[in-house]
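K.L.:
Need a 3D model of the sequence below.
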Amino acid sequence: MLDRSGLGVLLLVRGDRNFERTVTDGDLRRLLLEGAALDQTLAAVPERRSIVLPENRTRREALALMRQHTIDHLPVVDPDGRVLDLVERREIDDQILLSTPHMGEAERDYVEEAFLTNWIAPLGPNVDAFETELANMVGAKHAVALSSGTAAIHLSLVLLGVAPGDTVFCSSLTFVASVNPILYQGAEPVLIDSEPESWNMSPVALERAFEVSRQKGRLPKAVIVVSLYGQSADMDPIVAICNRYDVAIVEDAAESLGARYRGKASGNFGRTGIYSFNGNKIITTSGGGMLVTEDEQLAERARFLATQARDPAPHYQHSTVGYNYRMSNILAGVGRGQLKVLNQRVEARRAVYDRYRQAFAGVEWLELMPEPEWSYSTHWISACVLAPDTKVTAAAIIERLSGELIEARPVWKLMHMQPLFAKCSYFTHGNESVSERLFNLGICLPSGSNLSIDQIDRVAKKVLEAGKHAS
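P.N.:
I've put the predicted structure just below:
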């Protein structure tokens, strides 16, 4: 039986099917060494209390028991002691993370080339090529490789002349990196609600914010439009509003490289656009970002400021404040390799979303982040939202998934709910805040392009199990 199962363990039960103990190949080996014969029964096995796992316990609890007792198998038993299942360490010690790096085959070649040519410091051939290749891919005229997406937002505000006393409008449903650079410049954030169709900046709320600022005689210096979780905002009405007031847009496409809005690449609708290559993004350089623009002078100014604003002089001379924001030649090599597989990574993440969509079809208490007809989303993160009258909470589902070694998170905590920005003005989409509903009821599910179908199905199954008491 040991040979047939290949598990290295047998479960010994009594006639009533109640569990007695485990029997391993090691137990049989010890019996043989003590003189037992192969034709003897298992009655010769010494009595021993084996560790069992009660039914309905989580993977995390099972793994903790295995580690505590240095074992690789656990019988699962019901309250009457009858065996229901056998769990193995190799099957359950498999954590599913939210969004992990997914490396290809070309990255190493570019990095090795940097080592062989001793281009280790910031700047170099990989940086120049990465800028050109990314600009060509997204249809931008100019690209500037930087140390992070945050640096790209900060430089954008510097280039647009944002200064103390100014206001800058920004999406409230975003990561703090979208808003912090406003504070770097001593300016004041004004936060804008989401609209339900894409979860991104609401043109209705934006129009209201502009009208109030016009009445006060204090128009914003810029508008930072965030494209959330791999999906572009509805840019046509937003661009129209900003053009009417002659206010520049900074498009924060940190999460939406590879996405399109009405056929045009996300990140190309503002005076500047920014991308992030952080470790969890759709492609990564471990840390890095890119600023794109149609304005050649703006791009050259960005390069100048990002390299400590060094004047063209034979000695180190500086006439303005600069920043150490340029990307290294090594990281740019990683980026070049990653860029080659961007389309495949987008397709893989869209496939994850589609698998969830099929699994949740007909489930009334849960809805995936919508994808409007004008959007081609990368689904960098597959997010969902619970129905308002659902009995189960987002926190309870996230906790249940954590017990099954599945990482899930709430959607971004809104900027107007953060202590740092609590005093900032906030404009809602209508009579109620759309983004607050999304924050209270939203869940981000594992979405990596390297997830297997079995892993996606496991996540979906556990979500549905966690919500089985939902209305």
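
K.L.:
what about Thr174, which SS state?
P.N.:
With DSSP: H, G, I helix; E, B strand; the rest coil as the basis, Thr174 sits in coil.

K.L.:
Ignoring the adjacent residues along the chain, who's closest to it?
P.N.:
Distances taken as Cβ to Cβ, 6 or more residues apart in numbering put Val226 closest to Thr174, at 4.3 Å, once the chain neighbours are dropped. Yep, even glycine has a C-beta here, placed from its N, CA and C like the rest.

K.L.:
neighbours of the one you found, just the number please.
P.N.:
Neighbourhood size, Val226 [other Cβ atoms under 10 Å]: 30.

K.L.:
With Val176 instead?
P.N.:
14.

K.L.:
again, but for Arg14
P.N.:
Using other Cβ under 10 Å, Arg14 has 10 neighbouring residues.

K.L.:
show me what contacts it?
P.N.:
Glu20 (Cβ atoms under 8 Å, 6 or more residues apart in numbering).

K.L.:
Repeat that for Gln40.
P.N.:
Leu31.

K.L.:
now do 10 Å
P.N.:
For Gln40, the contact set (Cβ atoms under 10 Å, 6 or more residues apart in numbering) comprises Leu31, Leu32.

K.L.:
just Ser5 next, same as before
P.N.:
Contacts of Ser5 (Cβ under 10 Å, 6+ apart): Leu86.

K.L.:
Relative to the whole chain's centre, how far out is stretch 115-122?
P.N.:
31 Å (Cα atoms, centre = their mean, to the nearest Å).

K.L.:
now do the same end-to-end measure for it.
P.N.:
One end of stretch 115-122 to the other measures 13 Å (Cα to Cα, to the nearest Å).

K.L.:
What are the buried residues along it?
P.N.:
Neighbour-count burial for stretch 115-122, counted by 16 or more other Cβ atoms under 10 Å, picks out Trp119, Pro122.

K.L.:
who touches it?
P.N.:
Here stretch 115-122 has contacts from 113-114, 124-127, 145, 147, 306-307, 324-333, using Cβ under 10 Å, 6+ apart.

K.L.:
Over to Val76. Which of the three states is it?
P.N.:
Assignment for Val76 (three-state DSSP): strand.

K.L.:
Quickly find the element holding the closest residue to it other than its chain neighbours.
P.N.:
Distance criterion Cβ to Cβ, 6+ apart; nearest residue to Val76, sequence neighbours excluded, is Asp85 at 4.0 Å. Per DSSP states H and E, Asp85 falls inside strand 83-88.

K.L.:
strand partners of that strand, parallel vs antiparallel please.
P.N.:
Paired neighbours of strand 83-88 in the sheet (DSSP bridges): strand 73-77 (antiparallel).

K.L.:
what's the model's confidence in the strand it pairs with, averaged?
P.N.:
Throughout strand 73-77, pLDDT has a mean value of 84.

K.L.:
How far away from the center of its chain is that strand?
P.N.:
That offset, for strand 73-77, works out to 35 Å (Cα atoms, centre = their mean).

K.L.:
before we move on, what about stretch 51-61?
P.N.:
Relative to its chain's centre, stretch 51-61 lies at 30 Å (Cα atoms, centre = their mean).

K.L.:
Could you work out the end-to-end span of that stretch for me?
P.N.:
13 Å.

K.L.:
tell me which residues in that stretch are buried?
P.N.:
Val52, Leu53, Thr58, Arg59.

K.L.:
just stretch 217-226 next, same as before
P.N.:
Buried-residue list, stretch 217-226, by 16+ other Cβ under 10 Å: Pro220, Lys221, Ala222, Val223, Ile224, Val225, Val226.

K.L.:
In this model Val162 seems to touch the second one, though I could be wrong.
P.N.:
Yes. Assessed by Cβ atoms under 10 Å, Lys221 is found in contact with Val162 at 4.7 Å.

K.L.:
Name all residues that sit in contact with the two at the same time.
P.N.:
Val168, Ile182, Gln185, Ala187, Ala248.

K.L.:
The second one: neighbouring residues, count only.
P.N.:
Meaning Ile182. 26.

K.L.:
Right, I'll call it a day here.
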